[in-house]
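> just the structure for this:
(2 chains)
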Amino acid sequence: MRFAPSPTGALHIGGARTALYNWLAARHDGGALVLRIEDTDRERSTTENVEQILDAMRWLELDWDEGPISQAERAERHAVALGQLLESGAAYRDAATAKDVEAWKAEHGAGRGYRGTPSEEPGAAVRLRVPDAGETVVEDLIRGPVAFPNVSYDDFVIARGDGSVLYNFAVAVDDAEMGITEVVRGDDHLSNTPKQLLVLAALGHQPPRYAHLPLLHGPDGKKLSKRHGAASVQELRDSGYLPAAVRNYLALLGWGTDDDTTLMSTEELVRRFEVADVGKSAAIFDERKLRWLNGRFMREMPLDAYTEAVGRHLGREPDEQLRVACEIAQEKAQTLDEVWPLIRFLFEAPVDDPKAWAKVMKGDSGALLQAAAEALEGVEPFAPAQIETGLAPLLDRFDVKPGRLYQPIRVAITGSSVSPGIFESLAALGREQTLDRLKMAVERLSIGKTDG
RNA sequence: GCCGCUAUCGUCUAGGGGACUAGGACGCCGGAUUCUCAGUCCGGAAACCGGGGUUCGAAUCCCCGUAGCGGUACCA
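I've put the predicted structure just below:
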């Protein structure tokens, strides 16, 4: 099998899914996966673009058995195959330009493919002879047989005037010579396939089996692009998604199990994946479901792995302090991005959120916080259960609902009205910091009172 | 224009002639969990593109239409 992206920039989600399906199929069947870079278009094929693809593959943890192979570096092999076709008469040189072809079509009707005339002119492009009669049938693993009338295809160009070959020719030659037996690629290649089949036949090669995956669209039903949010693998990474969750989600986009299983480890994906089971219709990328899936994976991670992932995402050492922070945040975050706002109070001073302050700091809040600080002073050990036991009596003493006590404490120590569980948060912060922040809040409240 | 693909809840899908008063998941709405948010649990609303056939019977098969998408480059 092969994954053969063209290096046009960051690897898109559609490309990532194609890579994943190839990888799953190869691992499922014990096949080998070749990574081939389709870089015959020199202008777009920069080393940075190639590196982006490799980077995305590595992050997704999709490995390959051969390559990366540069298609451009196989130019000699392409030249040999081209010579063979010229020799046999299956291909010929034609001086016609794009304009000439257009004119020819205007004359012969839109339903007829262009047929050229051999020319000795230097710089003439090489075209493949396409028969007028009959049809070329693609035996697609997903769609079944798809027939294309030969007459609707031009004698298409397989090599430029300078001898460099074009995509549909290079792909056919490479797939055959690399021993690719199963080509899994996007649906946008379906109508290219007859051309490749024609090249293969002219060369006397046995064609591989093809499977064309339905395309991926954005939430608006249009083809996926940058304006659809996280549309590339690197954007997914930056948004704080886990590779395993992305693999699971992407696998489900266009493929499903017959028993409604949604959450699957990569091992299970490999075990159950069949290319033939892939659906036929285009799917829309829905980030909300990815978020949910990601949250499931995040919560199921062992704490050490979780701490390491968070550390890598934040660019922090996965030390004991971060580990403690992760422990209280793990059940609440759906993405790696959501962790920091929950734990930042453990690393920095409380954030300044006037809205939160105004909302919970009223009436007897000052007295409540003062009493809380006093109660906390004697709590031993300074752990969640003991903290709760120490604070609970205040509820009766002041005759208030839990929210009236805990929300001011939360805002006092984190600055925000949203945080992990209050007892866990205080324990993680430590007695000293907790008391400091409580006292600062009491002070701030009393100053406010004098002013008002 | 021409060639081709596709069409089940808002989204991802199950379904391959009777098991369908169409199942699951995300999202949404309501309730519970008497510290926020999140999570979790429970409940709910929500779909077979339209029209013809075939058949005793069609979401499932065929045809037409419509819509969306892809291809139609000396791009990949």
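
> number of residues surrounding the residue of the stretch 351-452 of chain A found nearest RNA strand B?
Residue of the stretch 351-452 of chain A nearest RNA strand B, by C-beta to the nearest atom of the strand: residue A:402 (3.0 Å). Glycine gets a C-beta too; all of them are placed from N, C-alpha and C. Number of residues near residue A:402 (other C-beta atoms under 10 Å) recorded here: 12.

> list the contacts for the nearest residue to it once chain neighbours are set aside?
Closest residue to residue A:402 apart from its sequence neighbours, by C-beta to C-beta, 6 or more residues apart in numbering: residue A:395 at 6.3 Å. By C-beta atoms under 8 Å, 6 or more residues apart in numbering, residue A:395 lies in contact with A:401, A:402, A:405.

> next: residue A:60.
With contacts defined as C-beta under 8 Å, 6+ apart, residue A:60 is in contact with A:16, A:19, A:20, A:233, A:243, A:246, A:247.

> try residue A:36
Contacts for residue A:36 (C-beta under 8 Å, 6+ apart) come out as A:2, A:3, A:4, A:67, A:68, A:69, A:71, A:174, A:178.

> in its sheet, which strands sit next to the helix or strand that contains it, and in what direction?
Using DSSP states H and E, residue A:36 sits in strand A:34-37. Its sheet considered, strand A:34-37 pairs with strand A:2-3 (parallel), strand A:66-70 (parallel) by DSSP bridges.

> got those strands as TSV, with mean neighbour count, distance to RNA strand B and mean pLDDT columns?
What follows is the strands paired with strand A:34-37, written out as TSV (neighbours: other C-beta atoms under 10 Å; distance: least, C-beta to the nearest atom of the strand, whole Å; pLDDT from 0 to 100):
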stretch	mean neighbour count	distance to RNA strand B	mean pLDDT
strand A:2-3	26	12	97
strand A:66-70	16	11	91
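
> can you tell which of the ones you listed is closest to residue A:220?
Of all the strands paired with strand A:34-37, strand A:2-3 sits nearest to residue A:220, with 27.7 Å by C-beta to C-beta.

> what is the subsequent helix or strand relative to the closest one?
Sequence-wise, the next helix or strand downstream of strand A:2-3 (DSSP H and E) is helix A:13-29.

> and that following helix, how far out from the chain middle?
Distance of helix A:13-29 from its chain centroid, counting by C-alpha atoms, centre = their mean, to the nearest Å, is 12 Å.

> what helices or strands is that helix leaning on?
In terms of contacts (3 or more C-beta pairs under 8 Å, 6 or more residues apart in numbering; DSSP states H and E), helix A:13-29 is packed against strand A:2-3, helix A:47-59, strand A:182-186, strand A:209-213, strand A:216-217, helix A:233-238, helix A:243-252, helix A:266-272.

> how about JSON lines for those, with distance to residue A:330 added?
JSON lines is the format used below for the helices and strands packed on helix A:13-29 (distance: least, C-beta to C-beta, whole Å):
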{"stretch": "strand A:2-3", "distance to residue A:330": "34"}
{"stretch": "helix A:47-59", "distance to residue A:330": "22"}
{"stretch": "strand A:182-186", "distance to residue A:330": "37"}
{"stretch": "strand A:209-213", "distance to residue A:330": "35"}
{"stretch": "strand A:216-217", "distance to residue A:330": "31"}
{"stretch": "helix A:233-238", "distance to residue A:330": "20"}
{"stretch": "helix A:243-252", "distance to residue A:330": "15"}
{"stretch": "helix A:266-272", "distance to residue A:330": "21"}
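
> so which residues on the stretch 101-250 of chain A come close to RNA strand B?
Contact residues (C-beta under 7 Å from any atom of the strand) of the stretch 101-250 of chain A with RNA strand B: A:101, A:110-111, A:123-125, A:143, A:146-149, A:152, A:154, A:156-157, A:160-162, A:166-168, A:187-192, A:214-215, A:217, A:221-223.

> which of these fall in strands?
Members of those lying in strands (criterion: DSSP state E): A:125, A:146, A:147, A:148, A:149, A:157, A:217.

> now the first one, which residues is it bridged with?
When assigned by DSSP bridges, residue A:125 has beta-bridge partners residue A:94.

> isn't it right next to residue A:156, touching?
No. Under the criterion of C-beta atoms under 8 Å, residue A:125 makes no contact with residue A:156, lying 9.8 Å away.

> and for the closest residue to RNA strand B within chain A, the neighbour number?
Nearest residue of chain A to RNA strand B: residue A:6, at 2.4 Å (C-beta to the nearest atom of the strand). If you count neighbours by other C-beta under 10 Å, residue A:6 ends up with 17.
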